[in-house]
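S.K.: Sequence first, predicted coordinates after that:
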Amino acid sequence: MTMTTPTRSLLSWLSARDLITPEQAEEAEAYAHAHALHPREALVKLEHLSDTDLQRALREAGVPTWDRLTRPTDDALNKLNARTAAQAHAVPLAVEAGALTLGMLDPLDAGAVRDLERRVGLRVKPYSLTVATYRTLTQLIARRAAGQGSGRIVIDPDAVKLVPQDVAERYRVMPLRVQDGDLYLAVADDSDVLVLDNVSMTVGRRVVPVQMPEATIAALIRRHYVGDELAELAREAGEEAAEHSGGDDVIDLGDDVDDNAIVRSVNTLLRDALLAGASDIHMEPTRDAVRVRFRRDGELRTHVEFPRATAGALIARLKIMAGLDIAERRASQDGRITFRDSGAETDMRLSVLPTTNGEKAVMRILKKENDILEIEDLGFTPQNLEIFQGLIRKPYGILLVTGPTGSGKSFTCFSVLKRLSKPTINVVTIEDPVEYEVRNINQVNVNRATGLTFDRAIRSFLRQDPDIILVGEIRDGETAKAATEAAITGHLVLSTLHTNDAPGAITRLREMGVESYNIAGGLIGVIAQRLVRRVCRHCAVEDEPSPELVNALNDGHIPLENPAWRRGEGCDECDHTGYSGRLAIHEVLAIDEAMNDAIVQGATANTIRDMARRRGDFHTLREDGLVKAAQGLTTLDEVLLRTRD
């Protein structure tokens, strides 16, 4: 029995609630049909409705939603094969009490649900998935379809040799293995006979297709073919730079810009960074070369080196992409790059700084609105999450998120805005610069040239009838005073601050000149956080830290029952670091009336910390890290590295 195309149930439901117009519903349906998408994906692509708002509307209507990136269980995956799941735009998640929990792009499609129930012989409990979550989870299913139950795809090098790189890239296919003389081939569409026949003719073997998301195939192509390609590009770029050099590291990029080795090198580097999950790209000239490093999981790792002669041309190309002045090489410049690859767009913030060896470029890869997590997925322990949710439900006051640069402070703030933003409230932000562009929120960039600073923006916001104000960062006394005064006058203010721990925020505000009575009147809570690296799930093994180390970190405050310590041995998936990905550890401080009285009397951070301890709901960053290490999510070494006494 063939699965039917998705019904219009979701579009009709949204139209009936005036969340989209009938015209938008018709356009989305036509777009979905023309581009082989689900109508929900079409809605998001056409920007008729954000996936966040759609998910919220379903949740408020009582439709169960699933926002967690939990790996589907083996028994669930065994109930529904990958092809059937893809046809229904569904993901089997778990089997519990004789029912299959199923994530769907359209949980209102009753016909599809009944069809799936007949197939699996179980009752189906449909949950709504966002497009981003659906895509991530389908990658896991696709990997399993390739015969890798652990989620790790093993590629046979002999199979790779059969398919030339240009063929793999042209048809977006990836050779997986040779079995019984047949080539098992990852393809985005296993019904595309033309692609299968052409590859079969090229390799002289029968091809067995394995359906897999195109993004996963692209990542595999880059991982298994990129080494030789990038080395060749670096060599070509060096020769090109030497041939066209005009002296002083300046070269003419030439007329055939698409064929230019410099242009292709930059595009390849940006693509590699995205596929590697990097957060930043560093392109820095040294005396002998141009070193390119990617920051992954908080650490810089060298990706490739280019000949020294390419330095000027590489930086010039980035400047052109960001619309900067390529002739200005003695002053710092900042810009924004929109990189388009395979139909997808990624924004990057570019900073160029002159150094003694030439100009250095750093690109921060910016996340999209759909990448912002729900607060339940930020890694809070159940107790901390309950306190945090209580804080953001308060109608006014200032909530601070503290930590060093790169600890995810802004990301946490925008997760709060994602939860609180709705058509009935006015949200305004002042940022330097705007990183996450979010619809239905009024975002303002700091502009010092025109006098638009953080503190002036806050005072202007107060004349804009705001409900929630986000201040990107409190850096000086004027901003601290303006933000606190806005909180006192009946607004919810979110901001970030650089302090070592949560109680230290009170001391920092005093040092900035905020009066103690204003701190007590405005501050409702402080969240201190750090990012620690996750143990790589592909090479994780049991571990047993010394009891002395555990006791030294714990100090008797956290009961640890049946800990499951783990560490990564190192593998190809994690670049032999033992870690892959990051998670947050937190210190959550809710300010109560007793603390307010103490703050007015000039209480120190230590006093406030002791009061929170006695209250019984406060745990330090190290203690929170200890809990997550005991759950096997990270290691004690990592917690020690990212925290301090």
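M.R.: Yep, that arrived. Numbers count the residues shown, from 1 in each chain.
S.K.: need the helices for the stretch 501-645 of the chain, in chain order.
M.R.: 504-511, 516-522, 547-554, 593-600, 605-615, 621-630, 636-642 (DSSP state H, counting those that start in this stretch).
S.K.: Please work out which residues outside the second one touch it.
M.R.: With C-beta atoms under 8 Å, 6 or more residues apart in numbering as the test, helix 516-522 has contacts from 397-398, 481, 484-485, 487-488, 493, 506, 509-510, 591, 595-597, 599-602. Every residue, glycine included, has its C-beta placed from N, CA and C.
S.K.: Can I get the buried part of those residues as one PyMOL selection?
M.R.: In PyMOL syntax, the buried subset of the contacts of helix 516-522 is picked out as below (16 or more other C-beta atoms under 10 Å):
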select buried, resi 397+398+481+484+485+487+488+493+506+509+510+591+595+596+599
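S.K.: got the buried residues for the helix or strand that contains residue 160?
M.R.: Residue 160 belongs to helix 157-162 when elements are defined using DSSP states H and E. Buried residues in helix 157-162, counted by 16+ other C-beta under 10 Å: 159-160, 162.
S.K.: can you redo those as a markdown table with distance to residue 641 and pLDDT?
M.R.: A markdown table is the format used below for the buried residues of helix 157-162 (distance: C-beta to C-beta, whole Å; pLDDT from 0 to 100):
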| residue | distance to residue 641 | pLDDT |
| --- | --- | --- |
| 159 | 40 | 89 |
| 160 | 37 | 89 |
| 162 | 44 | 92 |
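S.K.: Any idea which of the helices of the stretch 501-645 of the chain has the lowest pLDDT on average?
M.R.: When those are ranked by mean pLDDT, helix 547-554 comes last with a mean of 77.
S.K.: can you give me the angle it makes with helix 621-630?
M.R.: 130 degrees (axes from the mean of the first three to the mean of the last three C-alpha atoms, to 10 degrees).
S.K.: ok so, going back, just send the buried residues of helix 157-162 back as JSON lines, with distance to residue 367 too.
M.R.: Output for the buried residues of helix 157-162, formatted as JSON lines (distance: C-beta to C-beta, whole Å):
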{"residue": "159", "distance to residue 367": "35"}
{"residue": "160", "distance to residue 367": "32"}
{"residue": "162", "distance to residue 367": "38"}
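S.K.: re the thing from before, deepest of the helices of the stretch 501-645 of the chain, which one?
M.R.: With neighbours defined as mean count of other C-beta atoms under 10 Å, these peak in mean count at helix 621-630, which reaches a mean of 24.
S.K.: Residues touching it, excluding its own?
M.R.: Taking C-beta under 8 Å, 6+ apart as the rule, helix 621-630 contacts 379, 381, 384, 501, 528-530, 532, 550, 553-555, 557-558, 560, 563-565, 583, 585-587, 619, 634-636, 638-640, 642-643.
S.K.: are any of those residues buried, and which?
M.R.: Among the contacts of helix 621-630, those classed as buried by 16+ other C-beta under 10 Å are 379, 381, 384, 501, 528-530, 532, 550, 553-554, 558, 563, 565, 583, 585-587, 619, 634-636, 638-640, 642-643.
S.K.: On the C-terminal side of the one helix or strand residue 114 maps to, identify the next helix or strand.
M.R.: Assigned by DSSP H and E, residue 114 belongs to helix 110-120. Note on helix 110-120: by DSSP H and E, the next helix or strand toward the C-terminus is strand 123-128.
S.K.: just how off-centre is that following strand within its chain?
M.R.: 27 Å (C-alpha atoms, centre = their mean, to the nearest Å).
S.K.: now the angle from it to helix 110-120?
M.R.: Interaxial angle of strand 123-128 relative to helix 110-120 (the same axes, to 10 degrees): 140 degrees.
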